[in-house]
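Enquirer: kindly generate the corresponding structure for this input.
(one chain, ligands or ions: 1)
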Amino acid sequence: METLGETTPGPIPADPPPAPAPGRPEASEPPPDAPEPTPLPGPRSGQAGPPSFYGLFPAELEDLLEARGHERFRARQILDWVYHKRIREPALMANLSRALKDELSTIVSFDLPETAEIRVSPGNDAVKFVLRLIDGSRIESVAMRSRRGVTLCVSSQAGCGMGCVFCATGQMGLVRNLRAEEIVGQIERMLDATGWQDPGFHLVFMGMGEPLANYAQVLRAIRILHDPAGLSIGARRITVSTVGLVPQIEKLAREGLPLGLAISLHASTDEKRGQIVPLNRRYSLDSILNAARDYAETTGRRVTLEYTLLSGVNDTREDAYGLAAWARRLPSKINLIPYNPVPGLPWKRPDEESVNRFVEWLAPRAPSVTVRWSQGGEIGAACGQLGARPS
Ligand code: SF4
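Expert: Next up is the predicted model:
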């Protein structure tokens, strides 16, 4: 497992952070380096029972089958049943041998995360899943559909250690990193439950957690999902969102996968960003945007700069001009997200007039600007709301 500790980040500034504006909660200390994943009880830890099917590459499944006396080509048949025909019951996999049908559930586990709760938006365009993992940890995932197709938003950690002050997940703290099979399992659970048909669906790592703080398991899951024998999700249909872990951004650029990269910026000065995104006291805007530019140049992908608009905090003319100046430094597009309120937190969404004014300041000076009015706000499924108590 790779962790933040593999590379040595710069020292955390000794000076106390700037005082937040009156009435706002103060950002906590920058998060510590990501911990090793918590060992899991049961089959997925390797202590007992078979490994999860969803955490295996095709070649690993072939090895497992061969070790139990079955032909290697059976792996492709099983992958086809599960990922393409959506059948998980070995007895129904018609072209397998009788012996393999009988034995398969002792070779791999097809169990998915359990569904603890499902909430459907009034317009039936967003579904929020609360999923229970094998150790009882809960995560949330969201399926959305629009004219542009289906987008699945997945979690990479239970909770999050980054502590962004406006984010519901950030208030939970980090519970643990997810394993690759738990990430793939979320997607399978959502595809099964919604029944939405879109072979070109998009996948965004914008649910609970900081994906690059769980680098090895997230990359393993992406490669499993990308494999032509599995769900075959093209790298260009996958977006990883990060709050700015510079060494991991640099590493991701060299994985040979042109994934979409989104940087959660939320402020255009280090002083202001340090108040709402504690990690900024470890990696400055300058270092993050340099890494992002390197990513764009290496992969040929424009980087998305995500900017959550918080009323009275980061929505002034100076903020817009500062954001435009950062965006001009690299091939990028800006995605403005009017804040989605979280019960118990004091932050407010700017009204539509303020959002439009911010766009007017920004758009003539920046390469590309879009406003994302998040789906799923009514069911606590919008950006920044995952992990929130029901309103
Ligand atoms: S915004 Fe993202 S990185 Fe920040 S606390 Fe929330 S989930 Fe973690």
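Enquirer: show the end-to-end separation of stretch 115-125, please.
Expert: In stretch 115-125, first residue to last residue: 19 Å (Cα to Cα, to the nearest Å).
Enquirer: do the same with stretch 123-141
Expert: Start-to-end, stretch 123-141 (Cα to Cα) is 18 Å.
Enquirer: is the ligand contacted by it?
Expert: No: judged by Cβ under 6 Å from any ligand atom, stretch 123-141 stays clear of the ligand, getting no closer than 10.7 Å. All C-beta spots, glycine's among them, are computed from the backbone N, C-alpha and C.
Enquirer: pull out the buried residues from that stretch.
Expert: 126-131, 133-134, 137-141 (16 or more other Cβ atoms under 10 Å).
Enquirer: narrow the residues you listed to those in strands?
Expert: Within the buried residues of stretch 123-141, residues falling in strands by DSSP state E are 126-131, 138-141.
Enquirer: what's around residue 103, how many residues?
Expert: Residue 103: 16 surrounding residues under other Cβ atoms under 10 Å.
Enquirer: off-centre distance for the worst-scoring helix or strand of the chain on mean pLDDT?
Expert: Here the helix or strand of the chain ranked lowest by mean pLDDT, DSSP states H and E is helix 168-172, holding a mean of 91. How far helix 168-172 lies from its chain's middle: 14 Å, per Cα atoms, centre = their mean, to the nearest Å.
Enquirer: for that helix, packing partners?
Expert: With contacts taken as 3 or more Cβ pairs under 8 Å, 6 or more residues apart in numbering; DSSP states H and E, helix 168-172 sits against strand 157-160.
Enquirer: partners of the strand it packs on in the sheet?
Expert: strand 173-177 (antiparallel) (DSSP bridges).
Enquirer: what residues are up against the residue of the stretch 101-250 of the chain found nearest the ligand?
Expert: Nearest residue of the stretch 101-250 of the chain to the ligand, counting by Cβ to the nearest ligand atom: residue 170, 2.7 Å away. Residues in contact with residue 170 (Cβ atoms under 8 Å, 6 or more residues apart in numbering) are 160, 162-164.
Enquirer: now distance to the ligand and pLDDT too, for these, in CSV please.
Expert: Shown next, in CSV, are the contacts of residue 170 (distance: Cβ to the nearest ligand atom, whole Å; pLDDT from 0 to 100):
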residue, distance to the ligand, pLDDT
160, 3, 96
162, 4, 96
163, 6, 94
164, 3, 95
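Enquirer: which residues in the chain form helices?
Expert: For the chain, the helices defined by DSSP state H cover 58-67, 74-79, 98-107, 168-172, 180-194, 215-226, 246-252, 270-276, 285-299, 317-327, 352-362.
Enquirer: distance from the chain centre to the last one, please.
Expert: This points to helix 352-362. Distance, stretch centre to chain centre, for helix 352-362: 28 Å (Cα atoms, centre = their mean).
Enquirer: so that helix versus helix 317-327, what angle?
Expert: Taking axes from the mean of the first three to the mean of the last three Cα atoms, to 10 degrees, one finds helix 352-362 and helix 317-327 inclined to each other by 50 degrees.
Enquirer: just the buried residues of helix 352-362, please?
Expert: Using 16+ other Cβ under 10 Å as the test for burial, helix 352-362 gives 354-355, 357-359, 361-362.
Enquirer: how about residue 170: what's its closest non-neighbour residue?
Expert: In space, residue 170 comes closest to residue 164 once its chain neighbours are excluded; the distance is 4.3 Å by Cβ to Cβ, 6 or more residues apart in numbering.
Enquirer: list the contacts for that neighbour?
Expert: Neighbouring residues of residue 164 by Cβ under 8 Å, 6+ apart: 27, 170, 243, 264, 266, 276-278.
Enquirer: return the subset of those residues lying in strands.
Expert: Counted as lying in strands by DSSP E, out of those, are residue 264.
Enquirer: which of the contacts of residue 164 ranks first by neighbour count?
Expert: residue 170 leads the contacts of residue 164 on contacts (other Cβ under 10 Å) with 29 neighbours.
Enquirer: one step back: can I get the ones in strands among the buried residues of stretch 123-141 in TSV including pLDDT?
Expert: Converted to TSV, these look like this (pLDDT from 0 to 100):
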residue	pLDDT
126	94
127	96
128	95
129	96
130	96
131	97
138	95
139	96
140	96
141	96
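Enquirer: ok, which pair from the residues you listed is furthest apart?
Expert: Using Cβ to Cβ, the pair of these lying farthest apart is 126 and 138, separated by 18.8 Å.
Enquirer: tell me how far the closest residue to residue 222 other than its chain neighbours lies from residue 143.
Expert: Leaving aside its sequence neighbours, residue 222 sits nearest to residue 238 (Cβ to Cβ, 6+ apart; 6.1 Å). Separation of residue 238 from residue 143 (Cβ to Cβ, to the nearest Å): 15 Å.
Enquirer: so if I had to pick from these two, which one is more boxed in?
Expert: For residue 238 versus residue 143, the count of surrounding residues by other Cβ under 10 Å is larger for residue 143: 28 against 20.
Enquirer: is that one in a bridge, and if so with what?
Expert: Counting by DSSP bridges, residue 143 forms beta bridges with residue 127, residue 152.
Enquirer: out of the contacts of residue 170, the closest to residue 320 would be?
Expert: For the contacts of residue 170, the nearest to residue 320 is residue 164 (20.7 Å; Cβ to Cβ).
Enquirer: for residue 327, see how far away the closest one is.
Expert: 20 Å.
Enquirer: quick check: residue 185 touching residue 115?
Expert: No: when contacts are counted by Cβ atoms under 8 Å, residue 185 is not listed as touching residue 115 (11.1 Å).
Enquirer: higher neighbour count, those two?
Expert: In this view residue 185 and residue 115 are compared by other Cβ under 10 Å, and residue 185 has more residues nearby, 27 against 14.
Enquirer: this protein against the ligand: which residues are in contact?
Expert: Within the chain, the positions adjacent to the ligand are 160, 162-164, 167, 169-170, 208-210, 243, 264 by Cβ under 6 Å from any ligand atom.
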